[in-house]
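>>> From the sequence below, what's the structure:
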Amino acid sequence: MVNQNIGFLIKVISDRMKALGDNDLREHDLTFSQMQVLAAIEHEGGTIAQKEIEKILDVSHPTIVGLINRLQDKGFVTCETDETDHRSKIVTLTPKAVSLGRTMREKRDQSERGMLEGLSDEEIGQLNVLLRKLYSNMEERKV
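Residues are numbered from 1 along each chain as shown. Below is the predicted model:
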């Protein structure tokens, strides 16, 4: 069967991309989970309630507290009590995190360009359409 190795190839590509990403993060003393938190905050404009991060990432309160505390210790975020709801914390990116976000996006784009090297624009478009179809098929099979 022609397509029997597609899942394996996707896994190998994913593993390699993760290894490259982990290496880039290690340079900045960050984990993938910590970078996800930073990305979620950035996506919301740089400031967000801690509860919203929990919802976006679908992660428990204690896990987010630990991630945010480590990010705060490393100088990537600041935390303040919400003045309108003293039970809530507001998390904000520091300039260090904003700068890192730019750097990581540049590295991601560079990695993606390398991965797509040798493909025409048409092939890249076809690949994108096909991968979205695969993703959609897998989403329908959610457990």
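>>> Strands along this structure, start to end?
47-49, 77-81, 89-93 (DSSP state E).
>>> now, of those strands, which is deepest in the fold?
Greatest average neighbour count among these goes to strand 89-93 (a mean of 19), per mean count of other Cβ atoms under 10 Å. In short, each C-beta sits where N, CA and C put it, glycine included.
>>> From residue 89, how far out is residue 112?
Relative to residue 89, residue 112 is positioned 34 Å away (Cβ to Cβ, to the nearest Å).
>>> same check, this time on residue 24
28 Å.
>>> so what's the spatially most central residue of the chain scoring on pLDDT?
The centroid of the chain falls nearest to residue 36 when counting by Cα atoms, centre = their mean (4.2 Å). Among the per-residue scores, residue 36 holds a pLDDT of 90.
>>> Quick one: residues contacting it.
residue 57 (Cβ atoms under 8 Å, 6 or more residues apart in numbering).
>>> Residue numbering should commence at 22 henceforth.
Noted, 22 is the first residue going forward, which turns the last one into residue 57.
>>> Please enumerate residues in contact with stretch 114-123?
Counting by Cβ under 8 Å, 6+ apart, 49, 51, 59-60, 62-63, 67-68, 92, 96-99 sit against stretch 114-123.
>>> what's the spacing between it and its chain's center?
Mean-position distance between stretch 114-123 and its chain equals 14 Å (Cα atoms, centre = their mean, to the nearest Å).
>>> Pull out the buried positions in it.
114, 115, 118, 121, 122 (16 or more other Cβ atoms under 10 Å).
>>> Just to check, residue 93 is in contact with residue 110?
No - at 10.3 Å, residue 93 and residue 110 do not qualify as touching, with contact defined as Cβ atoms under 8 Å.
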